[in-house]
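**Student:** my questions concern the predicted model and sequence given below.
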Amino acid sequence: MDPNSPKYVSLTFDDGPSAYTAYILNILKRYNIPATFFVVGSEVKKFPNLIQRIDTEKHVIGNHTWNHPDITTLSKNELWREINSTNIEIEKIIGYSPNLFRPPYSSINDKTAAAIEKFGMTSVLWNIDSQDWHEKSPFAIHQYIIKNLKNNNLIVMHDGDQYGSGPRNQTVASLPKIIKYLIKNNYHFITVPEFHQLAYKIEKWS
């Protein structure tokens, strides 16, 4: 890493909202950290108050489909329904719909990427997987992120508990230590739209 370059980190949370989202929001508020939440439409419908809170507290909301499928297995119409139904549900709550989209399982190909772009959405992946879907130890999650840090970091974590990862206690427990380490080491916390402005040029697929 270039010691003279600004160091950026964008925390992102997938698969929510869930009961764990409130704990994550409390931690982010305590440290005044912005984040980006890629939400699943079926969970948005269950937890509208959490979507309202995410928006009120100035975090960014992105679309993570309605039912969390592997989108490379869907027709273009099925993909549109997954994205559009989620956007409609979000708009009912906060008055506008997202333009960021994250494919479940990071499963995307040229065909689906081009379709997402035609739908007016920007696909977002990551360059650090926190492994919180796999690791059950908060210490292991913390160490994995630290070991893989770069100058520009787009980190994926999970606040949702419905798609194979189980409870999110380890994510909640690891988050304060991760944030404190990043603050101590002079990382600037930014949302995904800010990350695209400051740290990463979006490549067009078409």
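**Tutor:** Great, that's in hand. Numbers count the residues shown, from 1 in each chain.

**Student:** could you use CA atoms for every contact and neighbour count after this?
**Tutor:** Will do.

**Student:** show me where the protein has strands.
**Tutor:** 7-14, 36-39, 60-63, 100-101, 122-123, 128-129, 152-158, 187-189 (DSSP state E).

**Student:** can you spell out which helices and strands pack onto the first one?
**Tutor:** Judged by 3 or more CA pairs under 8 Å, 6 or more residues apart in numbering; DSSP states H and E, the packing partners of strand 7-14 are strand 36-39, strand 152-158, strand 187-189, helix 192-198.

**Student:** Trp80: which of those is closest?
**Tutor:** Each of these has some distance to Trp80 by CA to CA; the shortest is strand 36-39, at 15.9 Å.

**Student:** would you put the C-alpha positions of the closest one in CSV?
**Tutor:** The C-alpha coordinates for strand 36-39 follow below in CSV (Å, rounded to 0.1, in the frame of the first residue of the first chain):
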residue,chain,number,x,y,z
THR,A,36,-24.4,0.5,2.6
PHE,A,37,-27.0,-2.2,3.1
PHE,A,38,-27.9,-4.5,0.2
VAL,A,39,-31.4,-5.7,1.2
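
**Student:** partners of that strand, with directions?
**Tutor:** Using DSSP bridges, the strands paired with strand 36-39 are strand 7-14 (parallel), strand 60-63 (parallel).

**Student:** ok so, going back, and the strands of the chain: which comes nearest Lys136?
**Tutor:** Comparing the strands of the chain by CA to CA, strand 152-158 comes nearest, at 12.6 Å.

**Student:** contacts for that closest one?
**Tutor:** 7-16, 126-133, 168, 171, 192, 195, 199 (CA atoms under 8 Å, 6 or more residues apart in numbering).

**Student:** who does that strand pair up with?
**Tutor:** For strand 152-158, pairing defined by DSSP bridges yields strand 7-14 (parallel), strand 128-129 (parallel).

**Student:** and Trp66, what is it in contact with?
**Tutor:** Val40, Gly41, Ser42, Glu82, Ile83, Ser85, Thr86.

**Student:** can you check Val9 too?
**Tutor:** So Val9 contacts Asn152, Asn153, Leu154, Ile155, Tyr187, His188, Phe189, Ile190, Phe195 (CA under 8 Å, 6+ apart).

**Student:** one more pass at 7 Å, please.
**Tutor:** Val9 sits next to Asn152, Asn153, Leu154, Tyr187, His188, Phe189, Ile190 when contact means CA atoms under 7 Å, 6 or more residues apart in numbering.

**Student:** can you check Tyr187 too?
**Tutor:** Counting by CA under 7 Å, 6+ apart, Tyr187 has contacts Lys7, Tyr8, Val9.

**Student:** so which of these is the closest to Ile27?
**Tutor:** Comparing the contacts of Tyr187 against Ile27 with CA to CA places Val9 closest, at 16.2 Å.
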